[in-house]
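Colleague: okay, here's the prediction I keep looking at, along with the sequence it came from:
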Amino acid sequence: MTPSVGVSSATGRRGTAVVTGMASDSHTWNLVFLQLLLEENGFEVVNLGPCVPDDLLVDSCRSTGPDLVVISSVNGHGHQEGLRVIARLRATAELAVTPVVIGGKLDVIRGKDTRHAQRLTAAGFDEVFTEDARTTARFRRFLDTLNSRPATPPTRRGVLV
Amino acid sequence: MTCRALSVRATKDTDRLPVDFGEFVRHRGGSGVPVVQPRMGFSDPARMRAGLVATRRADAMSVGTITVDSYTRVGDSDALKAALRDDACLNGYPIADHPADTTRRVLSGVLGPDFPVQVRHGSANPDRIVRALIALRLNATEGGPVSYCLPYGRTPLAESVGNWTRACEEFTGLLDLGIEPHLETFGGCMMGQLCPPGQLVAISVLEALFFAQHGLRSLSLSYAQQTSAEQDREAVAALRRLSSELLPTDNWHVVVYAYMGLFPQTPHGARRLLATAAELAAGTGAERLIVKTADEAHGIPTIAENVSALEGAARAAALHHSDGGRGPTPPDTGIYDEARALVHAVLNLDDDIGVALVTAFRCGYLDIPYCIHPDNLGRTRSHIDAEGRLRWTDSGSLPLPRRVKAGPGRRITSSGLLADLSYVRRKFDATPAPAPGDE
């Protein structure tokens, strides 16, 4: 199995970002859009594509050593799968402090996102981008904060207990 | 319109051999008003049953749907078992993991000769699902070696072709029991949006030919509503023409999918878009329509929202039909020629259609724009033009007739892509809301 299905030719002046779906999520438009957006913001992008099993996700992140991991989920399982995946990523020494964010439609029950978002950040995500009209703007602002701080800021954590 | 009551003699219905889904739909949906169908799936058996009962009772000629959850689709049985143990809400019905008796109870008295049920799943490795269907004597499903592989996962295409070959051969085992298995191609829905119609039609026809080569005799061919009503009408006409030229059976029908991309956020915009899909189906003689709900933009719809969508679509289709139905033939912009060129180029690669499909993707004879699967060459790009029609921005190595070819042109940006992805949402949200009581 190919570890990555798309590596961009952007210059990567702001580093490398891994864009990925999770094991049960087959959606790809979100991943195509994120790749273009990150490239335009100066990242080289390794796009792992949809339906990425946990082992492949962790191994690819470990071998890439990214400056940012962007997990996108729109099939309603994002909350369950996100908790499982972030535990694996944070338990990996090389990825313990890498900025990792998740976004999309994270559950199948409308209006429960706030509590889910808190759980996801408590479990180790740096940011949770629940889908609304301003998500892209919030994500861009988040990318700007990344640029202005050290590559792996130890203070961002406080979530690994 | 009919409203079918639940059968009181439940056991009689389930003991009987199931009707051929294809025959049923051609009979009930072939006169200008399509049979309507939801995309419904719930993990809880009681809720799944309630959804099927509500679909059956809807004031519309409907067929039922069981959509399988995505853990089953990708074969992640650990995640599925954990979710079932924790009573977590799945995004579909785990048909291979709920006991067969549970599923029989879900269907008892609902499934019957006047209410067939199709199982929808999206798996590139459907073995377990097909085995579950055979055990349950469920004889209608959908998919395809290309359409359930490339856009949605990481399974290599050649492996998916092998899996689907086996699945077809197992599924046709129902014939030995006197049951007609039905398969629908999902190929007319590749990526949901932004694939120019010529290639959608071509893949839908090629997958139907693949099914036929592996013994299926009752087929349906999908086409998903895109961005231009006129272009869509031309595409469905092309699909019908190619199907009648190439399919080795008369037992086929066309199923139109209401728009699969970003849905309008206003209730009136969503209803108008669904009505446009119903008009497309009614106006092109499509026998079946898969609906979306007015709340599609906001999450997984409820049973009541689904029923409302089924009834709204049936009303819109009936109204369109009584207003004269078919309407003027759209101008020929070359969709038939484009689809025909692609289909024949692929068929000429190998007598075995599965082998031909794998080779076609390797050499770029088929190439899905924006699809990031490793087996898709990824040299094609598409966009929506000023008239709202889908066009090739770059047709890569597709063997297209000269008049539809396109070379590298504009640069695709994230905001340009997002604008195209949300074109239909914007357009329908911007239409004025009807006056109260007018809808």
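Modeller: Cool, the structure landed.
Colleague: poorly predicted segments of chain A, please.
Modeller: Confidence mapping of chain A against pLDDT under 70 gives the ranges A:1-12, A:108-113, A:147-161.
Colleague: do a quick rundown of the helices in it.
Modeller: A:29-40, A:54-64, A:78-90, A:113-122, A:135-147 (DSSP state H).
Colleague: wait, residue B:22 sits on residue B:252?
Modeller: Yes. Using Cβ atoms under 8 Å, residue B:22 is in contact with residue B:252, at 7.0 Å. In short, each C-beta sits where N, CA and C put it, glycine included.
Colleague: shouldn't residue B:141 be within a strand?
Modeller: Yes. The assignment for residue B:141 (DSSP: H, G, I helix; E, B strand; the rest coil) places it in a strand.
Colleague: nearest residue to it other than its sequence neighbours?
Modeller: Nearest-residue entry for residue B:141: residue B:119, 4.7 Å, with adjacent residues in sequence omitted and distances by Cβ to Cβ, 6 or more residues apart in numbering or on different chains.
Colleague: confirm that the one you found sits in a strand.
Modeller: Yes. Per three-state DSSP, residue B:119 lies within a strand segment.
Colleague: what is the burial count for it?
Modeller: The tally of other residues near residue B:119 (other Cβ atoms under 10 Å in any protein chain shown) stands at 25.
Colleague: and if you look at residue B:105?
Modeller: Per other Cβ under 10 Å, the neighbour tally for residue B:105 reads 16.
Colleague: tell me the contacts of residue B:251?
Modeller: Neighbour list for residue B:251: B:20, B:22, B:23, B:26, B:217, B:218, B:219 [criterion: Cβ atoms under 8 Å, 6 or more residues apart in numbering or on different chains].
Colleague: nope, residue A:62 is what I meant
Modeller: Contacts for residue A:62 (Cβ under 8 Å, 6+ apart) come out as A:92, A:94, A:95.
Colleague: follow-up on the earlier one: looking at the contacts of residue B:251, which are in strands?
Modeller: B:218, B:219 (DSSP state E).
Colleague: any chance of the contacts of residue B:251 in TSV, plus neighbour count and distance to residue A:54?
Modeller: Shown next, in TSV, are those (neighbours: other Cβ atoms under 10 Å in any protein chain shown; distance: Cβ to Cβ, whole Å):
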residue	neighbour count	distance to residue A:54
B:20	20	42
B:22	27	40
B:23	15	44
B:26	20	45
B:217	19	42
B:218	23	40
B:219	22	38
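Colleague: which of the contacts of residue B:251 sits closest to residue A:141?
Modeller: Checking the contacts of residue B:251 against residue A:141 with Cβ to Cβ, the nearest one is residue B:219 at 50.7 Å.
Colleague: which residues pair with the closest one across the strands?
Modeller: On the basis of DSSP bridges, residue B:219 is bridged to residue B:183, residue B:252.
Colleague: enumerate the residues of the stretch 101-250 of chain B near chain A.
Modeller: Neighbours of chain A within the stretch 101-250 of chain B, by Cβ under 8 Å from any Cβ of the partner chain: B:122, B:151, B:152, B:153, B:154, B:156, B:191, B:192, B:193.
Colleague: what's the farthest-apart pair in those?
Modeller: B:156 and B:193, at 24.7 Å, using Cβ to Cβ across those.
Colleague: quick one, which of these two is more surrounded?
Modeller: residue B:193 (23 against 17).
Colleague: ok, that one - contacts?
Modeller: Contact partners of residue B:193, counting by Cβ under 8 Å, 6+ apart, are A:29, B:224, B:226, B:227, B:259, B:260, B:261, B:421, B:424.
Colleague: make a markdown table from the residues you listed and add neighbour count, secondary structure and distance to residue B:108 to it.
Modeller: As requested, the contacts of residue B:193 are arranged in a markdown table below (neighbours: other Cβ atoms under 10 Å in any protein chain shown; DSSP: H, G, I helix; E, B strand; the rest coil; distance: Cβ to Cβ, whole Å):
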| residue | neighbour count | secondary structure | distance to residue B:108 |
| --- | --- | --- | --- |
| A:29 | 21 | helix | 39 |
| B:224 | 27 | strand | 33 |
| B:226 | 26 | coil | 39 |
| B:227 | 21 | coil | 42 |
| B:259 | 25 | coil | 34 |
| B:260 | 18 | coil | 32 |
| B:261 | 19 | coil | 37 |
| B:421 | 20 | helix | 42 |
| B:424 | 25 | helix | 40 |
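Colleague: and which of those is nearest residue B:42?
Modeller: Looking at the contacts of residue B:193 and their distance to residue B:42, the nearest is residue B:260, at 20.3 Å (Cβ to Cβ).
Colleague: tell me how many other residues surround the closest residue to that closest one other than its chain neighbours.
Modeller: Among residues not flanking residue B:260 along the chain, residue B:192 sits closest, at 3.7 Å (Cβ to Cβ, 6+ apart). Per other Cβ under 10 Å, the neighbour tally for residue B:192 reads 18.
Colleague: looking at it, residue B:192 is touching residue A:30, isn't it?
Modeller: No. With contact defined as Cβ under 8 Å, residue B:192 does not reach residue A:30; the gap is 11.8 Å.
Colleague: let me see the contact set for the nearest residue to residue B:126 once chain neighbours are set aside.
Modeller: Leaving aside its sequence neighbours, residue B:126 sits nearest to residue B:167 (Cβ to Cβ, 6+ apart; 4.7 Å). Shown in contact with residue B:167 (Cβ under 8 Å, 6+ apart): B:126, B:127, B:130.
Colleague: helix/strand/coil for residue B:222?
Modeller: Taking three-state DSSP, the label given to residue B:222 is strand.
Colleague: in contact with it, which residues?
Modeller: Contact partners of residue B:222, counting by Cβ under 8 Å, 6+ apart, are B:142, B:184, B:185, B:186, B:187, B:188, B:189, B:204, B:254, B:255, B:256, B:257.
Colleague: want to try JSON lines for those residues, with secondary structure and pLDDT as columns?
Modeller: Formatted as JSON lines, these follow (DSSP: H, G, I helix; E, B strand; the rest coil; pLDDT from 0 to 100):
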{"residue": "B:142", "secondary structure": "strand", "pLDDT": "97"}
{"residue": "B:184", "secondary structure": "strand", "pLDDT": "98"}
{"residue": "B:185", "secondary structure": "strand", "pLDDT": "98"}
{"residue": "B:186", "secondary structure": "coil", "pLDDT": "96"}
{"residue": "B:187", "secondary structure": "helix", "pLDDT": "96"}
{"residue": "B:188", "secondary structure": "helix", "pLDDT": "97"}
{"residue": "B:189", "secondary structure": "helix", "pLDDT": "95"}
{"residue": "B:204", "secondary structure": "helix", "pLDDT": "98"}
{"residue": "B:254", "secondary structure": "strand", "pLDDT": "98"}
{"residue": "B:255", "secondary structure": "strand", "pLDDT": "98"}
{"residue": "B:256", "secondary structure": "strand", "pLDDT": "98"}
{"residue": "B:257", "secondary structure": "strand", "pLDDT": "98"}
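Colleague: of these, which is the most crowded?
Modeller: residue B:204 (33 neighbours).
Colleague: surely it and residue B:220 touch.
Modeller: No. Contact criterion Cβ under 8 Å: residue B:204 and residue B:220 do not qualify, at 9.5 Å.
Colleague: between these two, what contacts are shared?
Modeller: Residues touching both residue B:204 and residue B:220 (Cβ under 8 Å, 6+ apart): residue B:185.
Colleague: and residue B:243, what is it in contact with?
Modeller: Neighbouring residues of residue B:243 by Cβ under 8 Å, 6+ apart: B:205, B:208, B:221, B:252, B:254.
Colleague: give me the element residue B:46 is part of.
Modeller: Following DSSP states H and E, one finds residue B:46 within helix B:45-57.
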